[in-house]
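Engineer: pasting a predicted model and its sequence here:
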Amino acid sequence: MIRVLVVDDHPALRAGLAQLLAGAADLEIVASAAGGREGVALAAEHAPDVVLMDLEMPDLDGAAATRVILAADPAARVVVLTSFGDRPRILEALAAGATGYLLKDAEPDELIRGIRSAADGHAPLDPRAAREVLEARRTPAPAADLSAREREILALVAAGHANKVIALRLGISHKTVRNTLSAAFGKIGVSDRTQAALWAQRSGLA
């Protein structure tokens with residue numbers, strides 16, 4: 001049985017997902033949350049196999065909630081389920097550690113396959129999201145698209161400094177460093193620190 005946690009602030013969506021998954025013999029919703037903070041707490045309590053995570057929520061957005069869940073449990077499988085298919089949101093979610101990215105207008109069978117795929121260790125991506133990821137890799141954003149703070153932090157990443165060291169050097173919080181990096185990853189089309197460091201070196205930031 002694949003145990004699923006649903007995190008979404010729309011009651012109708014949560015009810016619809018409960019009805020949909022009830023028709024699949026191998027899927028079970030173990031809990032549902034109306035916001036990111038509640039989702040983080042329920043993920044810790046239930047340790048679901050897959051978390052279906054909305055992005056836009058009033059208390060804690062999906063990308064931030066994903067980072068918190070994965071910090072507590074690096075093996076967690078978070079699949080974003082959202083109505084937003086734009087490149088910055090897709091890249092930010094994946095940079096935060098999301099396993100997959102599905103859109104809410106997906107066919108029911110596609111959504112169920114995505115949950116099963118994530119539980120099996122794969123990375124389900126809506127075809128539109130996959131196209132955006134590939135295009136971002138072909139055409140990375142120029143350094144001019146980054147804020148001064150993002151360029152500054154990327155340069156320190158390229159120099160090999162950890163987030164805590166960067167926070168101390170710049171006099172900002174560790175959380176600010178993490179969030180700024182996540183936003184920068186989305187802009188330049190990378191998903192981890194190594195790729196970001198290489199990008200910074202190629203772009204002359206280092």
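Structural biologist: Yep, that arrived.
Engineer: and the gap between Ala65 and Val7?
Structural biologist: 7 Å (Cβ to Cβ, to the nearest Å). (C-beta placed from N, C-alpha, C; glycine too.)
Engineer: neighbour count winner among the two?
Structural biologist: Val7 (31 against 27; other Cβ atoms under 10 Å).
Engineer: that one bridge partners, please.
Structural biologist: In this entry, Val7 is beta-bridged to Ala33, Met53, by DSSP bridges.
Engineer: I'd say it and Leu55 touch.
Structural biologist: No - with contact defined as Cβ atoms under 8 Å, Val7 does not count as touching Leu55 (10.0 Å).
Engineer: tell me where the model's unsure across this protein.
Structural biologist: Within the chain, the ranges that satisfy pLDDT under 70 run 136-144, 206.
Engineer: do you have the helices of it handy? List them.
Structural biologist: Here the chain has its helices, by DSSP state H, at 11-22, 36-46, 62-72, 87-95, 108-119, 127-138, 148-158, 163-170, 174-188, 193-202.
Engineer: next, the angle helix 163-170 makes with the longest one.
Structural biologist: Angle of helix 174-188 versus helix 163-170, following axes from the mean of the first three to the mean of the last three Cα atoms, to 10 degrees, is 100 degrees.
Engineer: extract the C-alpha set from helix 174-188 and format it as CSV.
Structural biologist: Taking Å, rounded to 0.1, in the frame of the first residue of the first chain, the C-alpha atoms of helix 174-188 are listed here in CSV:
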residue,chain,number,x,y,z
HIS,A,174,21.1,30.8,7.3
LYS,A,175,17.5,30.7,6.1
THR,A,176,18.0,33.8,3.9
VAL,A,177,21.0,32.1,2.3
ARG,A,178,19.0,29.0,1.6
ASN,A,179,16.0,30.8,0.2
THR,A,180,18.1,33.1,-1.9
LEU,A,181,20.0,30.1,-3.4
SER,A,182,16.7,28.3,-4.1
ALA,A,183,15.5,31.4,-6.1
ALA,A,184,18.8,31.7,-7.9
PHE,A,185,18.8,28.0,-8.8
GLY,A,186,15.4,28.5,-10.5
LYS,A,187,16.7,31.5,-12.4
ILE,A,188,19.8,29.8,-13.8
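Engineer: quick check: buried residues in that helix?
Structural biologist: Of the residues in helix 174-188, 176-188 count as buried by neighbour count, 16 or more other Cβ atoms under 10 Å.
Engineer: counting contacts, what elements does it pack onto?
Structural biologist: helix 62-72, helix 87-95, helix 148-158, helix 163-170, helix 193-202 (3 or more Cβ pairs under 8 Å, 6 or more residues apart in numbering; DSSP states H and E).
Engineer: in TSV: these, plus distance to Val80.
Structural biologist: Listed next are the helices and strands packed on helix 174-188 as TSV, based on distance: least, Cβ to Cβ, whole Å:
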stretch	distance to Val80
helix 62-72	6
helix 87-95	5
helix 148-158	22
helix 163-170	23
helix 193-202	20
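Engineer: kindly report the domain assignment for the protein.
Structural biologist: The record's domain split for the chain, according to automatic domain parsing, is 2-136, 140-202.
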